[in-house]
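# Next input, structure requested:
(one chain, ligands or ions: 2)
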Amino acid sequence: MTPAVPRVLSIAGSDSGGGAGVQADLKTIAAWGGYGMTAITAITAQNTQGVQAVHPLPVDVVRAQLDSVAADIAVDAVKIGMLGTVELMRAVAGWLEETRPAVVVLDPVMVASSGDALTAVGDDDGRAAWARLLRVAHLVTPNLPELARLTGRDATDWDAALDAARGLAAEHGVTVLLKGGHLDETEAPEAAAAEVPDAVVRVGGAVHEVRGPRVTTRASHGTGCTLSSALATLAGAGLSWEDALERAKPWLADAMRAGEALAVGDASRPTWHGPVDHGHAQRG
Ligand SMILES: Nc1ncnc2c1ncn2[C@@H]1O[C@H](COP(=O)(O)OP(=O)(O)OP(=O)(O)O)[C@@H](O)[C@H]1O
Ligand SMILES: Cc1ncc(COP(=O)(O)O)c(N)n1
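Ligands and ions are numbered 1, 2, ... in the order given. I've put the predicted structure just below:
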């Protein structure tokens, strides 16, 4: 039975500035009518200018949070964000293999929008841990650089990225939500058009593309976290990935448009990446 209020667990890092990580997830889950819970994997000291410190938590402390929640509370959907270390990736994969939640959204967070590294990727252990997580996830939400890292394939233009996403879906048996937010960095300026595409790519190769207007703003910190937790909440309420994306994408664009008016952080500095306004729909 589909729950009226989906209970959504975010397994992710803490962003002290409140724009990304578990803070973004909880605000987003609440905005979409869900009940949010967290298993925090790492503490970051972070603000709108960048990441000042990262402290991954011990594996047993993360596992204890997961076990506490699972022992008492039905989990309708899980969203996974920053995991920080290969040991934590393995521990979370192990918990998912044991508990098999009905909806698992994996946001393969590797690098913050500020450029700071958040989760190890490169070596063989890292690759094996990502593969294990991909096998237990139902949806993975890479941006273009993350897709290139996960597949070892070129993902600099949209068609190449769709091909790589089909390959990722087939290899791991997981639906891919391909995000086009970084196309302006890789395509020629004239091709980085007025629109930003996202696409749901199914295991069989079917593509459902949703385009939206490109919002010109530096209030883009946490968009990936926000999108993945919105999709987890909507899927936890019974929507398909395609319907969930149709609803979440215009909402996220509005959240980006409303971000600067929050006046969070020193926007006069060139390093500023402000948060989106997760509560914009409630504020009207
Ligand atoms: N300039 C923009 N205008 C409108 N939507 C955007 C823009 N940039 C990104 N998005 C949307 O935000 C979501 C995240 O996309 P993106 O490709 O930036 O992922 P990401 O890099 O993981 O996000 P983050 O900025 O949190 O690191 C997608 O739905 C994308 O379409
Ligand atoms: C704790 C945490 N998790 C995820 C992100 C990625 O978000 P973004 O790419 O928008 O910086 C982040 N900066 N911090």
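# What is the end-to-end distance of stretch 90-107?
15 Å (C-alpha to C-alpha, to the nearest Å).
# Mind listing residues that contact it?
Here stretch 90-107 makes contact (C-beta atoms under 8 Å, 6 or more residues apart in numbering) with 9, 11-12, 41, 59, 62-63, 66-67, 70, 75-81, 83, 129, 132-134, 136-141, 174, 224-225, 228-229, 231-232, 235-236. All C-beta atoms are positioned from the backbone trio N, CA, C, and that covers glycine.
# among those residues, which are within reach of ligand 1?
Counting by C-beta under 6 Å from any ligand atom, G224, C225 from the contacts of stretch 90-107 sit close to ligand 1.
# Can you tell me which of the contacts of stretch 90-107 are buried?
For the contacts of stretch 90-107, a neighbour count by 16 or more other C-beta atoms under 10 Å gives the buried set as 9, 11-12, 41, 59, 62-63, 66, 70, 75-81, 83, 129, 132-134, 136-141, 174, 224-225, 228-229, 231-232, 235-236.
# Check those residues one by one and keep those near ligand 2.
Applying C-beta under 6 Å from any ligand atom to the buried ones among the contacts of stretch 90-107, those adjacent to ligand 2 are A12, G81, G224, C225.
# The last one is in contact with A12, isn't it?
Yes - with the criterion set as C-beta atoms under 8 Å, C225 and A12 qualify as a contacting pair; they are 7.1 Å apart.
# got any residues that touch both of those two?
G21, D25, G81, D107, V109.
# of the ones next to ligand 2 among the buried ones among the contacts of stretch 90-107, closest to T119?
T119 has its nearest neighbour among those in G81, at 9.3 Å by C-beta to C-beta.
# Look up phi and psi at the closest one.
The phi/psi pair for G81 (degrees, to the nearest 10) reads phi -120, psi -130.
# so of the contacts of stretch 90-107, which ones are in strands?
Among the contacts of stretch 90-107, the members falling in strands (DSSP state E) are L9, I11, A12, T41, A77, V78, K79, I80, L139, V140.
# Tell me the one of the residues you listed nearest S113?
Of these, the one sitting nearest to S113 (C-beta to C-beta) turns out to be A12, at 15.2 Å.
# so what pLDDT did the residue nearest to the closest one when sequence neighbours are not counted get?
Leaving aside its sequence neighbours, A12 sits nearest to G81 (C-beta to C-beta, 6 or more residues apart in numbering; 3.1 Å). In this model, G81 is scored at 98, pLDDT.
# just P189 next, same as before
So, for P189, pLDDT stands at 57.
# cool, R269 as well?
pLDDT, R269: 97.
# Next, S14: secondary structure please.
Per DSSP: H, G, I helix; E, B strand; the rest coil, the secondary structure class of S14 is strand.
# Any idea how many residues pack against it?
21 (other C-beta atoms under 10 Å).
# my read: it touches V51, true?
No - applying C-beta under 8 Å as the test, S14 and V51 come out as separate, 11.6 Å apart.
# which residues are in contact with both of these two?
Listed as contacting both S14 and V51 by C-beta under 8 Å, 6+ apart are T44.
# next SSE after the helix or strand encompassing R90?
Per DSSP states H and E: R90 is located in helix 86-99. Downstream of helix 86-99, the next assigned helix or strand under DSSP H and E is strand 104-106.
# returning to that earlier point: can you tell me which of the ones next to ligand 2 among the buried ones among the contacts of stretch 90-107 is nearest ligand 1?
G224 (2.5 Å; C-beta to the nearest ligand atom).
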